[in-house]
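In: output the structure for:
(one chain, ligands or ions: 1)
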Amino acid sequence: MAIENTLSIIKPDATKRNLTGLINAKFEKAGLKIIAQKRLQLSRSMAEKFYQIHKDRPFFKDLVDFMISGPVVAQVLRGDNAVFLNRTIMGATNPEEAENGTIRKEFAESIEANSVHGSDSLENARSEISFFFAYIELVN
Ligand code: CMP
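Out: Now for the predicted structure:
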């Protein structure tokens, strides 16, 4: 397996409920290393740009409204097969479909307020990481 970097975002529903530590404990327990991290308040234009792939979806405006409703924590997770491993730990987008023990099963409030985002491919991980971080900020 290959060592990969992937982007993780802890969403406003989770930062508001003080779940950052509990969520990151799951990543670290599974062997992923947090090699960059910042807490920030997204602007509307940043959130629209980050999620532009979904701009024609009916939930786009609600998604952007939600992502700017409070602080997020953007972070880079590194490890063996990190893109897939992160998504496995997160669980299905819809918490009702998420496996027991996953972040979304335990913490998500709804399909929208689903606590975490994770890159869905290595290619998207590279562009999503560069959206938030300069190369010099990734400290392994
Ligand atoms: P995320 O992994 O951040 O990528 C896009 C987000 O859109 C997704 O998680 C969900 O939180 C949100 N979303 C809201 N409604 C839907 C929906 N019906 N289908 C898929 N994603 C949705």
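In: wait, Gln41 touches Ser69, no?
Out: No - using C-beta atoms under 8 Å as the test, Gln41 is too far from Ser69 to be in contact (9.7 Å). For glycine as for every other residue, the C-beta is placed from the backbone atoms N, C-alpha and C.
In: the two: who's more crowded?
Out: Using other C-beta atoms under 10 Å as the criterion, Gln41 and Ser69 rank with Ser69 on top: 16 against 12.
In: who in the protein is up against the ligand?
Out: Residues of the chain lying close to the ligand by C-beta under 6 Å from any ligand atom are 54, 59, 63, 93, 111-112, 114, 117.
In: repeat that with 8 Å
Out: By C-beta under 8 Å from any ligand atom, the residues of the chain that approach the ligand are 9, 11, 51, 54, 57-59, 62-63, 66, 90, 93-94, 111-114, 116-118, 120.
In: filter these to the buried ones?
Out: Neighbour counting by 16 or more other C-beta atoms under 10 Å classes 9, 11, 51, 63, 66, 90, 112-114, 116-118 among the residues of the chain next to the ligand as buried.
In: any idea how far Phe60 is from Lys49?
Out: Computed as C-beta to C-beta, to the nearest Å, the Lys49 to Phe60 distance reads 12 Å.
In: so for the two, which residue has more residues nearby?
Out: Phe60 (16 against 13).
In: return the distance of the strand or helix carrying Leu85 from the chain's centre.
Out: Using DSSP states H and E, Leu85 sits within helix 82-90. Helix 82-90 has its C-alpha centroid displaced from the chain centroid by 10 Å (C-alpha atoms, centre = their mean, to the nearest Å).
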